[in-house]
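Trainee: Build me a model from this:
(chains A and B)
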2 protein chains.
Amino acid sequence: MPVTLDTARELDRRDPLAPFKARFALPEGLLYLDGNSLGAQPLAAREALATTRDQWRDELIKGWNQGWFDAPERLGNLMAPLIGAGQGEVIVTDNITLNLFKLLGYITESRGRGRPVILSEGGNFPTDGYIAQGFCRFGDYEHRFLPEGADLAEHLDGVAVVVLSEVHYRTGRRRDMAATTRLVHEHGAEVIWDLAHSAGALPVDLHGSGARYAVGCTYKYLNGGPGAPAFLYVHRDHQGGGWQPLSGWHGHAAPFAFDADYTPAPDITRFRTGTHSALIYAPLEASLELWQEVDMAALRDKSLALSELFRDCLADVVEAHGIDDITPAVEERGSQVALIEREHGYAIVQALIARGVIGDYREPGLMRFGFTPLYLSYEDVWQAARHFREVVENREYLEARFQVRSEVT
Amino acid sequence: MPVTLDTARELDRRDPLAPFKARFALPEGLLYLDGNSLGAQPLAAREALATTRDQWRDELIKGWNQGWFDAPERLGNLMAPLIGAGQGEVIVTDNITLNLFKLLGYITESRGRGRPVILSEGGNFPTDGYIAQGFCRFGDYEHRFLPEGADLAEHLDGVAVVVLSEVHYRTGRRRDMAATTRLVHEHGAEVIWDLAHSAGALPVDLHGSGARYAVGCTYKYLNGGPGAPAFLYVHRDHQGGGWQPLSGWHGHAAPFAFDADYTPAPDITRFRTGTHSALIYAPLEASLELWQEVDMAALRDKSLALSELFRDCLADVVEAHGIDDITPAVEERGSQVALIEREHGYAIVQALIARGVIGDYREPGLMRFGFTPLYLSYEDVWQAARHFREVVENREYLEARFQVRSEVT
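Mentor: Next up, the predicted model:
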């Protein structure tokens, strides 16, 4: 390998984030490079699940007055410092799909119908486009795709709202959120940022970027558990609007007054819908509390160092075997490495999984490896690269058992 | 008391459902008559939460292929026999508020815009009206309330969809689902049934009633845990429609093809939105498995016997103290007793809670007591009635500490 194991170990010795690894419950021997799909389990989240389970048993209905009811706002305030938002600007609820629908409704209602187009990114994670299409169909707006790689400025005519990801789920490419937000606003449109692959992956600066609206998930880099609730951000200066369409009783200005008519809450709680799954908030809250201790600049440094280490270890293999490394340059990178091998990509990922190295695969040909600095060591990454090298050099992926397709989320 | 403790104990000895009580984790000494708000914890649900917690730790992303991804359909099929539905007609996902929005969109899209009115029940649980108002505002429909106690037939002109509860959350009054469904269809409208207070409370017969659409929750009588996901039912003959507005990737015909454009799944899975909270499905699934063993006719018998016992024990107190018993006659009753005491109702409920008897209170003046036959014994109900009698006869509710208002869900 172009990099020695000793080098990786030396990097671990100097790593200020190294102590965090012991705070996760990681299966023995697993090299997990898929924290960009589902984060590992913090020990504190394990404990929190046990606690909330007892709380259901012991407190029953009283639990709603003991932290369950206001969990969406309380966890929102824990999210806020991780994404450059202020207190009262973030709520944790529902999933990204639903939160996008709410924001599309909220923004278009306050803007009026002068600009009929909702724009989403072609080639991005499909749910952002799907829900924009659903919104347009029912709200009588026109949905358009921004072609992949196109110049955004040339596609903003008539656009009311554009949905963009800060970090792209396939390529890991990071958009300049400040410059893009400025451009969109100059064209009289609004932008909703999808932070699914940036929250917890790198320092996100919503206020510093001038961002007004954002959504994101908490089960990837933020380790909230499978399908943990998503977040929704609205800058405080833009919370004076009216309704969001999914107007349930928890988003009412006075939910316990049981008024006949809906009046939206005047603050971020208007983006709540109906009764939420209280049990799922506890592990996420424990994880977000752990995140309060993390130096995000150190996180970014290690994230880039890990992905560079992986690439350095494999530079010769990638070149020799015609694998296309589409990982962006460090200044435009999220926290993943993206390699394309159209013929054998799927089988390579399967062969790696068989060796206990978990990455993931997306058609066509894309092998994704996510780097989560809190629980991945440099040695882990070096070992994962070694397995990759062996799988490719030995053509292990040609074994029949690695060709069988199954659903992968 | 008009009924002796021995009588209650004799009823327990003859109760075919008595063995179920041992399968719940109930706090020692608590008399819990609020299972109509949040159900008690099945022991199997405790175990399932522990198992799924380990599954997150050990399987990580692979968990999605080991039962997490298809949980909404699998649990829907477990729900089906409890509500008189068939396999493939029920899905467990999101909450009632969101599921109502999906059905309103789905039904109105296939009907066209000829009838512009969405009707919901005045005086019902407010979220059903709130989400109907949100839907109408964004979809350009007109929302109207059916006045409480009004004749439905006189309010169906121009109505596309009416949202009705089988059992009313305040009074516990049960509508005749078959007759009402027939009436609505005869007037050219559709009805969405809200089964929040009937699923698990009594035998529900969706097919037998001719019902085409329904929603309901699983955290009350079905004991799925706080905020456990809701269910949504569409009769198989009405699954041939098009989009529902909350069109996320899990509702796509081929979610893992990552197509650019949304194509709704041809079956009940079109009502999924985005990624769901996998952890919360495990305890609900365990509870629904327990429910498969329950004889629903026996459940109904015991439910009515429990509520009658409570009323019999208190008939003289209720009369002597001017409390208004608005509990419907048995043939129109859900599984609760509803007593109104406008001046002291809140304080009476607080005084009962201080004695370990949990009911709940809804303005104005309504004391609700829910009867859950799987984990309430006749003796429990007798003891709860004794406490009620003592609180009222001793005017214990006048103590200052019971006057302090706090939020109650």
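Trainee: For the rest of this, base every contact and every neighbour count on C-alpha atoms.
Mentor: Will do.
Trainee: how about stretch A:222-233, does it reach chain B?
Mentor: Yes. Applying Cα under 8 Å from any Cα of the partner chain, one finds that stretch A:222-233 is in contact with chain B at A:225, A:226, A:227, A:228, A:229.
Trainee: Quick one: neighbours of the residue of the stretch 101-250 of chain A found nearest chain B, just the number.
Mentor: Of all residues in the stretch 101-250 of chain A, the one sitting closest to chain B is residue A:227 (3.8 Å; Cα to the nearest Cα). As a burial measure, residue A:227 scores 23 neighbours (other Cα atoms under 10 Å in any protein chain shown).
Trainee: Who are the contact partners of it?
Mentor: Residues in contact with residue A:227 (Cα atoms under 8 Å, 6 or more residues apart in numbering or on different chains) are A:95, A:218, A:219, B:275, B:276, B:277, B:278, B:279.
Trainee: Which of those residues ranks first by neighbour count?
Mentor: Using other Cα under 10 Å as the neighbour criterion, residue A:218 leads the contacts of residue A:227 with 29 neighbours.
Trainee: Please render the residues of stretch A:222-233 next to chain B as TSV that adds pLDDT and secondary structure to the earlier fields.
Mentor: Converted to TSV, the residues of stretch A:222-233 next to chain B look like this (pLDDT from 0 to 100; DSSP: H, G, I helix; E, B strand; the rest coil):
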residue	pLDDT	secondary structure
A:225	97	coil
A:226	96	coil
A:227	93	coil
A:228	97	coil
A:229	98	coil
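Trainee: and those, which are buried?
Mentor: Neighbour-count burial (16 or more other Cα atoms under 10 Å in any protein chain shown) is assigned, among these, to A:225, A:226, A:227, A:228, A:229.
Trainee: The first one touches residue A:39, doesn't it?
Mentor: In this case it means residue A:225. Yes. Assessed by Cα atoms under 8 Å, residue A:225 is found in contact with residue A:39 at 6.9 Å.
Trainee: Which neighbours do these two have in common?
Mentor: Common contacts of residue A:225 and residue A:39, defined by Cα under 8 Å, 6+ apart, comprise residue A:219.
Trainee: Surely residue A:148 forms part of a strand?
Mentor: No. Using DSSP: H, G, I helix; E, B strand; the rest coil, the secondary structure at residue A:148 is coil, not a strand.
Trainee: Just give the nearest non-adjacent residue to it, would you?
Mentor: Using Cα to Cα, 6 or more residues apart in numbering or on different chains and skipping residues adjacent in sequence, the residue nearest residue A:148 is residue A:122, 5.3 Å away.
Trainee: Can I get stretch A:363-382 in CSV, CA atoms only?
Mentor: Output in CSV follows, covering the C-alpha atoms of stretch A:363-382 (Å, rounded to 0.1, in the frame of the first residue of the first chain):
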residue,chain,number,x,y,z
GLU,A,363,-26.9,2.5,-9.5
PRO,A,364,-25.3,3.0,-11.9
GLY,A,365,-21.9,1.7,-10.8
LEU,A,366,-21.4,4.0,-7.8
MET,A,367,-19.6,2.8,-4.7
ARG,A,368,-20.0,5.2,-1.8
PHE,A,369,-17.8,5.2,1.3
GLY,A,370,-18.8,7.5,4.1
PHE,A,371,-16.3,8.9,6.7
THR,A,372,-17.6,9.5,10.2
PRO,A,373,-14.9,11.0,12.3
LEU,A,374,-16.4,10.3,15.7
TYR,A,375,-16.2,6.5,15.4
LEU,A,376,-13.8,5.8,12.5
SER,A,377,-10.1,5.6,13.2
TYR,A,378,-7.3,6.1,10.6
GLU,A,379,-6.4,2.5,11.1
ASP,A,380,-10.0,1.5,10.4
VAL,A,381,-9.8,3.4,7.1
TRP,A,382,-6.4,1.9,6.3
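Trainee: which of the residues in that stretch are buried?
Mentor: A:365-382.
Trainee: what's the distance between it and the middle of its chain?
Mentor: Relative to its chain's centre, stretch A:363-382 lies at 15 Å (Cα atoms, centre = their mean, to the nearest Å).
Trainee: and what of stretch A:192-202?
Mentor: That offset, for stretch A:192-202, works out to 5 Å (Cα atoms, centre = their mean).
Trainee: tell me the mean pLDDT for that stretch?
Mentor: Regarding stretch A:192-202, the rounded mean pLDDT is 98.
Trainee: repeat for stretch A:385-396
Mentor: Here the average pLDDT along stretch A:385-396 is 98.
Trainee: which other residues reach it?
Mentor: Contacts for stretch A:385-396 (Cα under 8 Å, 6+ apart): A:1, A:310, A:313, A:314, A:317, A:321, A:348, A:351, A:352, A:355, A:357, A:397.
Trainee: And for stretch A:331-338?
Mentor: With Cα under 8 Å, 6+ apart, stretch A:331-338 has contacts from A:36, A:167-168, A:170-175, A:197-198, A:201-202, A:303-304, A:307, A:311, A:325-327, A:366-372.
Trainee: Just the buried positions in it, please.
Mentor: Buried-residue list, stretch A:331-338, by 16+ other Cα under 10 Å: A:333, A:334, A:335, A:336, A:337, A:338.
Trainee: low pLDDT regions in chain A?
Mentor: Across chain A, residues meeting the criterion (pLDDT under 70) sit at A:406-409.
Trainee: all helices of it, in order?
Mentor: A:5-13, A:43-59, A:71-79, A:96-111, A:126-139, A:177-186, A:281-291, A:296-320, A:345-354, A:378-393 (DSSP state H).
Trainee: Centre of the chain to the third one, how far?
Mentor: So the one you mean is helix A:71-79. That offset, for helix A:71-79, works out to 17 Å (Cα atoms, centre = their mean).
Trainee: do the same with the fourth one
Mentor: The chain centroid and the centroid of helix A:96-111 are separated by 19 Å, computed with Cα atoms, centre = their mean.
Trainee: next one: the longest one
Mentor: Taking Cα atoms, centre = their mean, the mean C-alpha location of helix A:296-320 is offset from the chain mean by 20 Å.
Trainee: Grab the nearest non-local neighbour of residue A:254.
Mentor: residue A:265 (7.3 Å).
Trainee: Tell me, how many residues neighbour the one you found?
Mentor: Neighbour count of residue A:265, defined by other Cα under 10 Å: 21.
Trainee: Residue A:244 and residue B:385, how far apart?
Mentor: 45 Å (Cα to Cα, to the nearest Å).
Trainee: These two: which is more packed in?
Mentor: With neighbours defined as other Cα under 10 Å, residue A:244 and residue B:385 compare such that residue A:244 has more, 28 against 20.
Trainee: quick one: contacts for the closest residue to residue A:353 other than its chain neighbours?
Mentor: In space, and not counting its chain neighbours, residue A:353 is closest to residue A:359: 7.3 Å by Cα to Cα, 6+ apart. Under the criterion of Cα under 8 Å, 6+ apart, the contact list for residue A:359 reads A:32, A:33, A:34, A:349, A:352, A:353, A:367, A:368, A:369, A:370.
Trainee: ok, of those, which one's closest to residue B:73?
Mentor: residue A:34 (26.2 Å; Cα to Cα).
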